[in-house]
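Asks: sequence first, then the predicted structure, then my questions.
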Amino acid sequence: MAELEKLIEVKNLKQYFNVGKPKEVRAVDGISFDIYKGETLGLVGESGCGKSTTGRSMIRLYNATDGEVLYRGENVHGKKSGSQLKSFNRKMQMIFQDPYASLNPRMKVSDVIAEGIDIHGLAKSQKERIERVYSLLETVGLNREHANRFPHEFSGGQRQRIGIARALAVEPEFIIADEPISALDVSIQAQVVNLLKKLQKEKQLTYLFIAHDLSMVKYISDRIGVMFFGKLVELAPAEDLYRNPMHPYTQSLLSAIPIPDPDYERSRTRKTYEPSMHHYKEDDDVKMREIAPGHFVNCSEAEFKQYKTEYKPK
Amino acid sequence: MKKLLEVKDLNISFHTFAGEVQAIRGVNFDLYEGETLAIVGESGSGKSVTTKSIMQLLPPGNSEIKAGEILFNDKDIVKASEKEMQKIRGKDISMIFQDPMTSLNPTMTIGKQIMEPLLKHRKLSKAEAKERALKLLDLVGIPKPEIRIKQYPHQFSGGMRQRVVIAIALACTPKVLIADEPTTALDVTIQGQILDLMKELQKRIETSIIFITHDLGVVANVADRVAVMYGGKIVEIGTVDEIYYNPQHPYTWGLISSMPSLDTTEEELYVIPGTPPDLLNPPKGDAFAPRNPYAMKIDLEEEPPMFKVSDTHYAATWLLHPDAPKVEPPLAVKERMDKFQEKQAGSLNGGK
């Protein structure tokens, strides 16, 4: 992976809420990873593990408590002038989970999509503005007649397409998709995933794909990070993670996915995960260690040796 | 096996400003004792409406059961009065709803909510009901029931709340339990726990379950039989093996092919083209025909009847007519069918 260009480096990112109060929440507690240009990094974990918070901190929707997010070597959370922030915002966009709540019901679809175009002054005339909206609508598989309608006139899948068109309007390089398909029907999920893949190919986009549906994540991602209680516990190429889940939490997560195959389901055994099962001692140095090229596991020195022997190369 | 519930030619319409929406257009199915029947289909296919009509929970103002019968213990409950229904709801038939965040009363302790059906239906004394509620909490795997019983719903996590909802639904050991997407709002790991719990409890109290979901993975886990709904009708019904390994309806083919399995590597996922039918003006022929790559002329003109595939397996597609041309199902489905034939050959030869 050495020849790949790093687009984003997340270094020891921490995001705490209610700092200093008794109710302090360590939503993201020191995670580090890189995202390479043109790849899709999947982020999975159960609700409340901090995966959405990670995405939101990366795009500066929250101000990080500690740590750095470097975008092409430049700190996202650094001090920026208004115009610097603006040009930076253009490069990173987000697609949200709930297509019902993320579109302003009082705005026409054309205005929803063109909002970014207006803010960044990407269109010189009204004509150019509407032409851009039309072409964006067509890119995401809607048609130009839809521009003058309001969000309530669309189905969930169509709304998610509008959300994607809005994200694409400012020609970003990097898109954070925060559970973009969780609220959709199975048949519609496939449409949206196909669209995201097609756009990635055409526009060389880089994605951070946050989800809890593991079979979809495996399908769309090049690499997958597994989060548990604000920490990254395993990070590996998608294929490798499913073939060689090393961390017990990853194993328990994988053993819980329902598979549309009755024979498999009858013989399924679920694994459970308790953080106490590691039996870490006081002086154990628990950190991310590379057990195989590109495959990182959060483990102690002793576990590291054990995982290395258990790892089955292809 | 004994039939517990029989739904016969059910037709339900909603009266809206735009006109009459024919949400359910002739649904037939039986529910046997002790089985789990899963109903799958996309949003708007009528799966929730069907089950809500069994409980008579449809909005009384604009919904109308146009025709059909729902026989429970040989009694037609479509015609039952509200008073009669109140005796059935929560006692003989109970329901688990999708969202455990909204289906509990936030102002009542969960103990009170579990005791409610026991006091109403079983006429237990308060002390007896409390004792039973503690047992139920223990049964659904909530630790420290004595403390938890006095707490309010907001003090529980999503998975724990769904356990409470299950405890309420099972309080009177109902004969039929309707679960409307009970795990959709939950995480995979929690979902697994809830599914295991439901299966275990079903064995213990011998109830029949109608399980509504759009997640085919969950169906494979829980169901004995599966009914696939499309456009207000059941288009295919059979045992779980028959639906997953020998599907016959092109819509079922589409559903199965559009889901990535953990070893899918194809560039593009299969997508069912088009949009669901407009039930304001239901199409004349097969409702799925406009989206069906295998559609024939007759599909646009006449609705297919249910063709028999085996004693337990029926599908409504003209492709099963003896005169229909042989078609090649999609690859993902073909692989499953081959497996099915192997299995059948195996069970015929092997015997044991």
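Replies: Sure thing, it's come through. Numbers count the residues shown, from 1 in each chain, chains lettered A, B, ... in the order given.
Asks: okay, and the residue in chain B that chain A sits nearest to sits in which element?
Replies: For chain B, the residue closest to chain A is B:G217, as judged by C-beta to the nearest C-beta, at 3.0 Å. For glycine as for every other residue, the C-beta is placed from the backbone atoms N, C-alpha and C. Per DSSP states H and E, B:G217 falls inside helix B:216-222.
Asks: sec struct for B:D286, please.
Replies: Of the three states, B:D286 takes coil according to DSSP: H, G, I helix; E, B strand; the rest coil.
Asks: isn't it up against B:M296?
Replies: No - assessed by C-beta atoms under 8 Å, B:D286 is found out of contact with B:M296, at 9.4 Å.
Asks: stretch A:94-111: end-to-end distance?
Replies: In stretch A:94-111, first residue to last residue: 17 Å (C-alpha to C-alpha, to the nearest Å).
Asks: correction: stretch B:220-227
Replies: Start-to-end, stretch B:220-227 (C-alpha to C-alpha) is 12 Å.
Asks: same thing with stretch B:58-75?
Replies: One end of stretch B:58-75 to the other measures 20 Å (C-alpha to C-alpha).
Asks: list the contacts for B:E301?
Replies: Going by C-beta atoms under 8 Å, 6 or more residues apart in numbering or on different chains, B:E301 touches B:K284, B:G285.
Asks: does A:L208 sit in a helix or strand, and which one?
Replies: Using DSSP H and E, A:L208 sits within strand A:206-210.
Asks: what pairs with A:L41 across the strands?
Replies: Here A:L41 sits in beta bridges with A:L208, A:R223, going by DSSP bridges.
Asks: that one and A:A211 touch, don't they?
Replies: No - the criterion here is C-beta under 8 Å, and A:L41 misses it with A:A211 at 11.5 Å.
Asks: any stretches of chain B with poor pLDDT?
Replies: Applying pLDDT under 70 to chain B flags the ranges B:261-267, B:347-352.
Asks: ok, back up a step: higher neighbour count, B:D286 and B:M296?
Replies: Neighbour count, other C-beta atoms under 10 Å in any protein chain shown: between B:D286 and B:M296, B:D286 has more, with 28 against 18.
Asks: give me phi/psi at that one?
Replies: phi -70, psi 130 (degrees, to the nearest 10).
Asks: leaving out chain neighbours, which residue sits closest to it?
Replies: Counting by C-beta to C-beta, 6 or more residues apart in numbering or on different chains, the nearest residue to B:D286 once its immediate chain neighbours are dropped is B:D299, at 4.4 Å.
Asks: show me what counts as buried in the helix holding B:G217.
Replies: By neighbour count on 16 or more other C-beta atoms under 10 Å in any protein chain shown, the buried set for helix B:216-222 is B:L216, B:G217, B:V218, B:V219, B:A220, B:N221, B:V222.
Asks: helices or strands next to that helix in the packing?
Replies: helix A:262-266, strand B:36-40, helix B:188-205, strand B:208-213, helix B:240-245 (3 or more C-beta pairs under 8 Å, 6 or more residues apart in numbering or on different chains; DSSP states H and E).
Asks: what's the following helix or strand after the helix or strand hosting B:I298?
Replies: Secondary structure from DSSP H and E places B:I298 in helix B:297-301. Next helix or strand after helix B:297-301 toward the C-terminus (DSSP H and E): strand B:307-308.
Asks: contacts for that following strand next, please.
Replies: B:Q248, B:Y314, B:A315, B:A316, B:T317, B:L320, B:H321.
Asks: just give the number of residues close to the residue of the stretch 51-200 of chain A found nearest chain B.
Replies: Residue nearest to chain B within the stretch 51-200 of chain A (C-beta to the nearest C-beta): A:A190, separated by 4.1 Å. Using other C-beta under 10 Å, A:A190 is surrounded by 26 other residues.
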